[in-house]
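[1] Would you be able to build a 3D model of this:
(chains A and B)
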Amino acid sequence: KQEVTQIPAALSVPEGENLVLNCSFTDSAIYNLQWFRQDPGKGLTSLLLIQSSQREQTSGRLNASLDKSSGRSTLYIAASQPGDSATYLCAVIKYQLIWGAGTKLIIKP
Amino acid sequence: SAVISQKPSRDICQRGTSLTIQCQVDSQVTMMFWYRQQPGQSLTLIATANQGSEATYESGFVIDKFPISRPNLTFSTLTVSNMSPEDSSIYLCSVVVRGERNTEAFFGQGTRLTVV
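    Here you go, the predicted structure:
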């Protein structure tokens, strides 16, 4: 059974810092891995999608990596801003999504 | 890609009543997924809605409490029946689109339900 774990559960850093969020999964037989952002009380915004054959994807200040063999993905946020404060969720996709519990990120001005 | 329109975006409901949430997708999809996110928690899959057959419910969720309709390949509804304050959550519908190059999940905007 696929299990997805995100570490840390919460993170608070000063504005401007670079940071890394971690996602691990137990079954490497996935199609893709997707990172989402969720603002309080809101729905989900897709940030990055990494196909199982890829090793990383970049969008602006965000970079996501995938190491299927070790069952790990990281989301790197460069030069963090207060607007980046949100909960970040990773999900692995095969026939459906299996979710991590999320990392609650607070960027302090 | 897929664009999902979900409504209502939020509602405050009385205990014992029911609320039906609708999701409209701009393309035909085989499966639609319904999730619940209780305060401070991650997403929990309620059920998978297939067109032309009964929905498949996850452990802990039953059809009498969360009846689902899937009349065609672009539309689905989830009803939260006989609501109690414990049903206060964000409810989300989702589709997974398998293209030539990748498989990606898309979500509705969510329905924030408060039961009083």
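
[2] If you check chain A against chain B, which residue is the closest one?
    A:G43 (3.4 Å; CB to the nearest CB). The C-beta positions use only the backbone N, C-alpha and C, and glycine is treated the same way.

[3] ok, the nearest residue to that residue once chain neighbours are set aside - contacts?
    Among residues not flanking A:G43 along the chain, B:G110 sits closest, at 3.4 Å (CB to CB, 6 or more residues apart in numbering or on different chains). Counting by CB atoms under 8 Å, 6 or more residues apart in numbering or on different chains, B:G110 touches A:K42, A:G43, A:L44, B:Q6, B:S9, B:Q37, B:I90, B:Y91, B:L92.

[4] and what of A:Q34?
    A:S46, A:L47, A:L48, A:L49, A:I50, A:C90, A:A91, A:V92, A:I93, A:L97, B:E104, B:A105.

[5] Next, the contact list for the third one, please.
    Same thing as A:L48. A:Q34, A:W35, A:Q57, A:T58, A:S59, A:L62, A:A64, A:L75.

[6] Which ones among those map onto strands?
    A:Q34, A:W35, A:Q57, A:T58, A:S59, A:L62, A:A64, A:L75 (DSSP state E).

[7] what about the last one, how many residues close to it?
    Counted with other CB atoms under 10 Å in any protein chain shown, residues neighbouring A:L75 total 22.

[8] Now do the same for it: its pLDDT.
    As predicted, A:L75 sits at a pLDDT of 97.

[9] Return the set of residues that bridge with it.
    A:L21, A:A64 (DSSP bridges).
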